[in-house]
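Participant: What would the 3D arrangement of this be:
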Amino acid sequence: MPALLKFMKRVFMSNSTKGATTMSWCRRMLMLAVAVMSFGMAQAQSGYEKDNDIFKVGVEARFDYLNQAVDGVHDPAGSGFKVRYFNLRLEGQISPKFTYSWRQRFNRVNSVSEFAHNTDWLTLTYKPTQNWAISAGKQVLMIGGWEYDRAPMDLYFCSEFWNNVNCYQLGASVAYTTNSGNDTILFQASQSPYDTANSSVDYYAFNLYWSGTHGCYTALYSLNFMQYAPGKFDKYVALGNQFKFGDATLQVDLMSRGPKVKDLLFDNFSIMGEFSYLVADRVNIFAKATYDRIGDSTITASGLIPGTEVTRVGGGVEYYPMGGMGNRDVRLHAAYAYNFGLNTNEFGTALGKGSYLTVGLTWRIDVVSAVEKIIDRVVNKRSNRM
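Facilitator: Numbering: from 1, shown residues only. Now for the predicted structure:
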């Protein structure tokens, strides 16, 4: 393990000037991948990974062909073939009570500062008992709602709120889970999503979160206080609701925001809804709609500009070619959405009369498991020859 860490330090510190080119970063990513796979092979050969569960490595990527337009005018910058996501995930159990998790995005990294910014999370968790968990590091801001909760790689078009929230921040949290495991209550203190590098003071966020599963219903609720100025907080109430009936799933999120309690009453809010149905464990069809209304009370630091009232409507299909046994490692998708209304932020994502088409491929690999399978095949071939 020290050898791997030393190699990673050499990779990222060499030639790590602010003007590092994309090509040099590609070389570093290739070197890192070789290091990780080499370590995974060593772990697999020794059996250490199986015994200690300390080092799980996952690589995931999504490639899309996009076609975007506004009022019938093609958007060349937002269209064409894109690497939407290229992530490395590491997680494991250091000891019976300590676990860690790290996810890093690489498809937009051009400098050391961007590398740090594109660390989605890097968290250490301590579980003194089965009920309590204490975590610290870079974390996901605990805001309720199913659209917000899902991995970005698994979403194709989203609400204007989703596209503007700065959801990965440094912080700490403490969570209590009931003996049944059905309910978890969490409190988190972190940097505010409105905190910027240009700010002369630090802004903080305080989040109370509840997740609960009872029968066919699962809730993701939160009450959030996001500081945007000294002594001033933007307040969120987020209510995420999911209903599962066999292969059918309905998700409905209700979110209201504002610096004053009275602002939470239908002045600045979002509604997100999605219905999906899984056919024969291989084909998932879905329809989705989002609605964002941005009232006068909106904190403009959020990227949501007052006067916005925009609706997105669309749907799509996902196909899992390896899904016969519930495998989700490979996915093909096609989705389309159209926007109605007005977005007063000219740099926003859901612009009025905007259309969005995506067709693409997603794949995920458990690197250590893959290496173990390769080794097993080699050993079996040698055994058969003997």
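
Participant: Report the buried residues of the helix or strand harbouring Thr358.
Facilitator: Of the helices and strands defined by DSSP states H and E, Thr358 is found in strand 354-366. For strand 354-366, the buried set under the neighbour-count rule, 16 or more other CB atoms under 10 Å, comprises 354-358, 360, 362, 364, 366. C-beta: built from backbone N, CA, C; applies to glycine.

Participant: Likewise for stretch 266-284?
Facilitator: The neighbour-count check on stretch 266-284 (16+ other CB under 10 Å) flags 267-276, 278, 284 as buried.

Participant: Save the residues you listed as a markdown table, and put in distance to Thr311 too.
Facilitator: Putting the buried residues of stretch 266-284 into a markdown table (distance: CB to CB, whole Å) gives the following:
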| residue | distance to Thr311 |
| --- | --- |
| Asp267 | 17 |
| Asn268 | 16 |
| Phe269 | 13 |
| Ser270 | 11 |
| Ile271 | 9 |
| Met272 | 11 |
| Gly273 | 11 |
| Glu274 | 14 |
| Phe275 | 16 |
| Ser276 | 19 |
| Leu278 | 26 |
| Asn284 | 23 |
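
Participant: how about those residues in TSV, adding pLDDT?
Facilitator: Supplementary listing: the buried residues of stretch 266-284 in TSV, determined by pLDDT from 0 to 100:
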residue	pLDDT
Asp267	83
Asn268	90
Phe269	93
Ser270	95
Ile271	97
Met272	98
Gly273	98
Glu274	98
Phe275	98
Ser276	98
Leu278	95
Asn284	96
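
Participant: Could you identify the pair within those that is furthest apart?
Facilitator: The most widely separated members of these, counting by CB to CB, are Asp267 and Leu278 (37.5 Å).

Participant: what's the distance between the residue nearest in space to the middle of the chain and Tyr100?
Facilitator: With distances taken as CA atoms, centre = their mean, Ala151 lies nearest the centre of the chain, 3.6 Å away. Summarising the geometry, the distance separating Ala151 from Tyr100, computed by CB to CB, to the nearest Å, is 19 Å.

Participant: surely Gly137 meets Leu170?
Facilitator: Yes. Between Gly137 and Leu170 there is a contact at 7.1 Å, judged by CB atoms under 8 Å.

Participant: Tell me which of these two has more neighbours.
Facilitator: A count of neighbours by other CB atoms under 10 Å puts Gly137 above the other of Gly137 and Leu170, at 17 against 12.

Participant: one step back: what are the C-alpha coordinates of the strand holding Thr358, in CSV please?
Facilitator: The C-alpha coordinates for strand 354-366 follow below in CSV (Å, rounded to 0.1, in the frame of the first residue of the first chain):
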residue,chain,number,x,y,z
GLY,A,354,-35.1,24.1,-25.5
SER,A,355,-34.9,20.5,-26.7
TYR,A,356,-32.5,17.8,-25.4
LEU,A,357,-31.7,14.4,-26.9
THR,A,358,-29.2,11.9,-25.6
VAL,A,359,-28.2,8.5,-26.8
GLY,A,360,-25.4,6.7,-25.0
LEU,A,361,-23.6,3.9,-23.2
THR,A,362,-22.8,3.4,-19.5
TRP,A,363,-20.5,0.8,-18.0
ARG,A,364,-19.2,0.0,-14.6
ILE,A,365,-16.3,-2.3,-13.7
ASP,A,366,-15.3,-3.7,-10.3
